[in-house]
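> Just the structure for this:
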Amino acid sequence: TTPPVNNRPNQSRPLVIIDPGHGGRDPGAVGIAGLREKDVILPISLEVVRILEQQGIQARLTRNNDTFISLEGRTTMANGLNADLFVSIHANAISMSRPDVNGLETYYFQSGRNLANVIHRNILQRLNIRDRRVRQARFYVLRNARMPSVLVETGFVTGREDAARLRDPNFQRQMAQGIAAGIVEYVRTNRL
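Alright, predicted model coming up:
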């Protein structure tokens, strides 16, 4: 019998899938002054991957430009590559009539709880952003990825405080540093 095909690039280094949500025909949430989720999270995601690669961790993006990928396509990629971790990056939204709602939320479904806690803490250590806590949720990408998975909501595009910051390349870079630092800490602590 032939062994199962493993598309994983390098067996000896941990592999993290970074998933910038939405893209292409799906802008994601649209907030204050037309701020689009997909435009905020792609630069954050690209920077996370750059930092992880610098730290010797393999990282792959579900999309590296403004293209649409189905939810199924995102988890199929992670599962097919037999990734160690899956981190989906988003920006949150609520009614435009609630600009007072701002802050960071990190979600997990089952096995991602520790990963969510570590990433959340690392972001809060670096950024002045309201803490809306780590929460459990049944998002498709969390339920269907076969490895510890989290979804980071980097702030509210509809929030008065968050929207201004999410537009700022410096804030995007710091957010990426927090997410990446959390992933690196988790990988090293768990000896992946």
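> beta partners for the most centrally placed residue in the chain?
In the chain, the centroid-proximal residue (C-alpha atoms, centre = their mean) is I89; its distance is 2.6 Å. Beta bridges link I89 to P20, V152, judged by DSSP bridges.
> Next one, pLDDT for it please.
At I89, the pLDDT value in this model is 98.
> Next: P9.
Predicted confidence (pLDDT) for P9: 60.
> do the same with P3
Note for P3: predicted pLDDT of 42.
> swap in R13?
Taking R13 on its own, its pLDDT is 88.
> swap in H120?
Note on H120: pLDDT of 98.
> try the one 3 residues further on
The predicted local confidence for I123 comes out at a pLDDT of 98.
> was I right about it contacting I183?
No: using C-beta atoms under 8 Å as the test, I123 is too far from I183 to be in contact (11.2 Å). All C-beta atoms are positioned from the backbone trio N, CA, C, and that covers glycine.
> of those two, who's got more company?
I183 (28 against 23; other C-beta atoms under 10 Å).
> Tell me who's in contact with the residue nearest to the more buried one when sequence neighbours are not counted.
Among residues not flanking I183 along the chain, V16 sits closest, at 5.8 Å (C-beta to C-beta, 6 or more residues apart in numbering). Contacts for V16 (C-beta atoms under 8 Å, 6 or more residues apart in numbering) come out as 52, 57-60, 83-87, 183, 187.
> One more pass at 10 Å, please.
For V16, the contacting residues are 48-49, 52-53, 57-60, 78, 83-87, 147, 180, 183-184, 186-187, 192, by C-beta atoms under 10 Å, 6 or more residues apart in numbering.
> For stretch 126-133, what is the distance to the chain centroid?
Counting by C-alpha atoms, centre = their mean, to the nearest Å, stretch 126-133 is centred 16 Å from the centre of its parent chain.
> In it, which residues are buried?
Within stretch 126-133, the residues scored as buried using 16 or more other C-beta atoms under 10 Å are 126-127, 129-130, 132.
> So which elements touch the helix or strand hosting R135?
If you go by DSSP states H and E, R135 is part of strand 131-136. Helices and strands touching strand 131-136, by 3 or more C-beta pairs under 10 Å, 6 or more residues apart in numbering; DSSP states H and E, are strand 104-108, helix 113-126, strand 149-156.
> Thanks a lot, see you next time.
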